[in-house]
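# Got a sequence here, can you model it:
(chains A and B)
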Number of protein chains: 2
Amino acid sequence: MQSGASGLAAAVNEARLWESLMDMARIGAIPGDGVNRACLTALDRQARRELIARAERAGAAVSVDPIGNLFLRREGSAPSLAPVLTGSHMDTQPNGGRFDGIYGVMAGLEVLAALHETGTQTKRPIEVVAWTNEEGGRFAPGCMGSMSYAGLKTPEDFFLVTDPEGVTFAAALAEHRAAEADLTQRPLGGKPFAYVEAHIEQGPRLEAADLDIGVVTGIQGSRWFTVTLRGETAHAGTAPLGLRKDAVQDAVRAIAALNALMHDPPDVLRFTVGRIEVHPNTSNSVADFVRFTIDFRHPDEGVLRARGDAVAGIVQAAVRDCTVEVEERFTAMPVEFAPMVVDAVERAAAASALGHMRLPSGAFHDAQFLVPVCPTGMIFVPCRKGISHNPAEYSTPAQLAAGTRVLAAAVAELANG
Amino acid sequence: MQSGASGLAAAVNEARLWESLMDMARIGAIPGDGVNRACLTALDRQARRELIARAERAGAAVSVDPIGNLFLRREGSAPSLAPVLTGSHMDTQPNGGRFDGIYGVMAGLEVLAALHETGTQTKRPIEVVAWTNEEGGRFAPGCMGSMSYAGLKTPEDFFLVTDPEGVTFAAALAEHRAAEADLTQRPLGGKPFAYVEAHIEQGPRLEAADLDIGVVTGIQGSRWFTVTLRGETAHAGTAPLGLRKDAVQDAVRAIAALNALMHDPPDVLRFTVGRIEVHPNTSNSVADFVRFTIDFRHPDEGVLRARGDAVAGIVQAAVRDCTVEVEERFTAMPVEFAPMVVDAVERAAAASALGHMRLPSGAFHDAQFLVPVCPTGMIFVPCRKGISHNPAEYSTPAQLAAGTRVLAAAVAELANG
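Numbers count the residues shown, from 1 in each chain, chains lettered A, B, ... in the order given. You can find the predicted model right below:
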């Protein structure tokens, strides 16, 4: 197996992988090396047809499930065994980059191609999946494909969701399925032996540590809040400050108090106020309304619960003149990946003599929803300055190939396990 | 003179004044008792025709100047003497009320009507003016009519300004002048003996003190700034706080520091952050851009200079991670009204046994630009909760009539001076 694994890693073709990514990046290209390729669109289907053609050249069998998740299967010597699943998503943010999501799919394809070229036979089948609508950029929320596969939701749960043009998810999916009616259909769901997803880090830690591989240990938990302050508008030139109910000033007080609550010297906690709406938002009127968001994440459930539960009280105590409402609009407790997969990834990185570290994922991924289904893990590769969801998103061909070699080795080990 | 003045005050007709204001409020009425009547529109011209008809019934002669300032003149016994000028403006904010501006014009008209009814002859002529575009809501900046009258600007200076539909001020003015070509034309400018403008307070002080009349001593100075912070966007779930360049956090630091700079226990200083723009303004991205406005006003030039000059340094010192630009986009030093007019207003209020106080104006007015031209003053009446630039703007018929009686007495005194 060891010589097989190193032969497989050697067969991972850096140039071919890069070209395949650049080919995909042309489908929905936007200025500045960006990509805008929303799910269930003609561009999405064009990219999928491109993927299918490459998969068939690598000897894989193609099938699609009722929510449009696309599978590329390489048979195992024991085809009745549960497959090892890898993959990610092909849709992008509206102002997205060339690597988020699509890298995990093309890395999986490259693994299939390397297996094909080297004639490597694994015991278990290997499947590469492209999950439908991970980003949620066209239809919110994201991860509809992986959530439906995992049985956490049904496709019908999302049918009434509309895109910004008013098209329902049901209509877009029906059109999409009609356009792919020639593909083999498969039922929703499954019970893989393991799931491992390759992805760019979307954060700066690997680059800062000058490492090649992130061995992802889990996904940190999140609590998202919306704070709404209602005061009274007044003329900026006349209203004495002592008589004002200034929503901007109360927002500043609330954010300052939250900064104190979220103080975290080890810098593991993530706290972001990223969105602020002000009304009437004119320079010479006191604001009577401010709404701001809180995005709070932590890998430790205890911290997430304790500080998250304190948010409403801290905000209420900080606000002086306005009425305030604090709404928690999303909660996800941390998930931990399975030691079987995490260890396989770590062994693969070590075997290829790549610098690696264990770290939790700060961002969401489809992998999160596979955790209840089967042993799950992820592989991160560095991306420049941690930039993602932006045309400037970039990883080098060598970084992307290194991650794919680790993926190939980990998948092959799991598929023989 | 005393019996003449009290007869004149008695002739000020509260019901007629209120009806005339309510008639005007129907021209451009919007829901909730508001008015949206932009300058140089068909609605504006309809309101002006209504005013002209009433003025002619009160025996006044009508004329317009090249920027559309409309004058209603009641001749004096010495017609060659400089006139006493009163008035205000007829345009409103887009979501405006029924009293801001139009009250000063209709109060002036009511004075003409009272003079007419009582057959009162003054030595000097009395002119009521409706200034063009005080609000700046359609064409920015405001006070174009009064600035041009005062010779601080020419109408041509504003010709290239466009409204939100792309219409130039030149085109709108040409259309307007063509529609009023039947009116007597007069040259721009003049040298009145005095100018006195009646206006709602647009602040809460008279109501809070339960007084009828504000004897306005001047207009406080203003310094307006724009602060622009440029950081770096990042994923809210992945970017460690220590590596961020978060423009929202730096804006909070800057505003907190400005609050300290602007601390003013007597509560005379006005400091407002009313407008905040955030980019990309999404809940799960660190903001790479924040721009906020500072509106700082004070009646004392020394305070205005000292604290205004400190703004840029305080902001720069407070900001931690972003680059920052502080631009001063408007400066107006405080103006003081002429004792001759201020005293006349105060005497008129006292003679009518109305509760009154001296106070500076927090808001801008056309009167500001008349200060270099002639002795100038203003009369304020209370408005409910200080609300203005809003459909909820309200003063009672009795409050409005009281201000008009003071205006009548002050104008008559000045016109015989």
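
# Go ahead and confirm A:Phe225 touches A:Ile314.
No. Counting by C-beta atoms under 8 Å, A:Phe225 does not reach A:Ile314; the two are 10.9 Å apart. (Each C-beta comes from the backbone N, C-alpha and C, glycine too.)

# neighbour count winner among those two?
A:Phe225 (22 against 17; other C-beta atoms under 10 Å in any protein chain shown).

# Show the contacting residues for the more buried one.
A:Thr293, A:Ile294, A:Phe296, A:Val311, A:Ala312, A:Val326, A:Glu327, A:Glu328, A:Arg329 (C-beta atoms under 8 Å, 6 or more residues apart in numbering or on different chains).

# Can you tell me the element the fourth one falls in?
A:Val311 is located in helix A:301-318, with elements delineated by DSSP states H and E.

# quick one: that helix to chain centroid distance?
26 Å (C-alpha atoms, centre = their mean, to the nearest Å).

# Kindly report the same for stretch A:168-182.
Using C-alpha atoms, centre = their mean, the offset of stretch A:168-182 from its chain centre is 23 Å.

# For that stretch, give the mean pLDDT please.
Averaging pLDDT along stretch A:168-182 yields 98.

# What residues sit buried inside that stretch?
A:Phe169, A:Ala172, A:Leu173, A:His176, A:Arg177, A:Glu180 (16 or more other C-beta atoms under 10 Å in any protein chain shown).

# ok, now stretch A:340-350?
Neighbour-count burial for stretch A:340-350 [16+ other C-beta under 10 Å]: A:Met340, A:Val341, A:Val342, A:Ala344, A:Val345, A:Glu346, A:Arg347, A:Ala348, A:Ala349.

# Stretch A:388-401 too?
A:Ser388, A:His389, A:Asn390, A:Pro391, A:Glu393, A:Tyr394, A:Ser395, A:Gln399, A:Leu400, A:Ala401.

# how about the helices in the stretch 101-250 of chain A?
Applying DSSP state H, counting those that start in this stretch to the stretch 101-250 of chain A gives helices spanning A:102-118, A:144-149, A:169-179, A:205-209, A:247-261.

# domain ranges for chain A?
A:2-219+A:335-415, A:223-332 (automatic domain parsing).

# okay, those in a markdown table with distance to B:Pro280 next?
Shown next, in a markdown table, are the domains of chain A (distance: least, C-beta to C-beta, whole Å):
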| stretch | distance to B:Pro280 |
| --- | --- |
| domain A:2-219+A:335-415 | 8 |
| domain A:223-332 | 8 |
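
# do you know which of those domains lies nearest B:Ala318?
Evaluated over the domains of chain A, closeness to B:Ala318 peaks at domain A:223-332, with 11.9 Å, by C-beta to C-beta.

# Return the distance of the closest one from the chain's centre.
Averaging C-alpha positions (C-alpha atoms, centre = their mean) puts domain A:223-332 27 Å from its chain's average.

# just stretch A:212-227 next, same as before
For stretch A:212-227, the distance to the chain centre is 10 Å (C-alpha atoms, centre = their mean).

# Relative to chain B, which of the helices of the stretch 101-250 of chain A is closest?
helix A:247-261 (5.0 Å; C-beta to the nearest C-beta).

# what pLDDT, on average, does the closest one get?
Mean predicted confidence for helix A:247-261 is 98.

# Contact partners for the most centrally placed residue in chain A?
Per C-alpha atoms, centre = their mean, the C-alpha nearest to the average position across chain A is that of A:His365, at 3.3 Å. By C-beta under 8 Å, 6+ apart, A:His365 lies in contact with A:Ser88, A:Glu134, A:Glu197, A:His199, A:Ile219, A:Met378.

# And for the first one, the neighbour number?
Residue crowding around A:Ser88 was assessed by other C-beta under 10 Å; the count is 27.

# does it have beta-bridge partners, and which?
With DSSP bridges applied, A:Ser88 shows beta-bridge pairing to A:Ala130.

# Pretty sure A:Phe193 sits against A:Thr86.
No. A:Phe193 is not in contact with A:Thr86 according to C-beta under 8 Å; the separation is 11.4 Å.

# So which of the two has more stuff around it?
Under the criterion of other C-beta under 10 Å, the comparison of A:Phe193 against A:Thr86 puts A:Thr86 first, with 30 against 20.

# if I look at that one, how far off is A:Gly104?
7 Å (C-beta to C-beta, to the nearest Å).

# Next: A:Ala82.
Relative to A:Gly104, and taking C-beta to C-beta, A:Ala82 is found at 20 Å.

# higher neighbour count, those two?
More neighbours surround A:Gly104 than the other of A:Ala82 and A:Gly104, with 33 against 16 (other C-beta under 10 Å).
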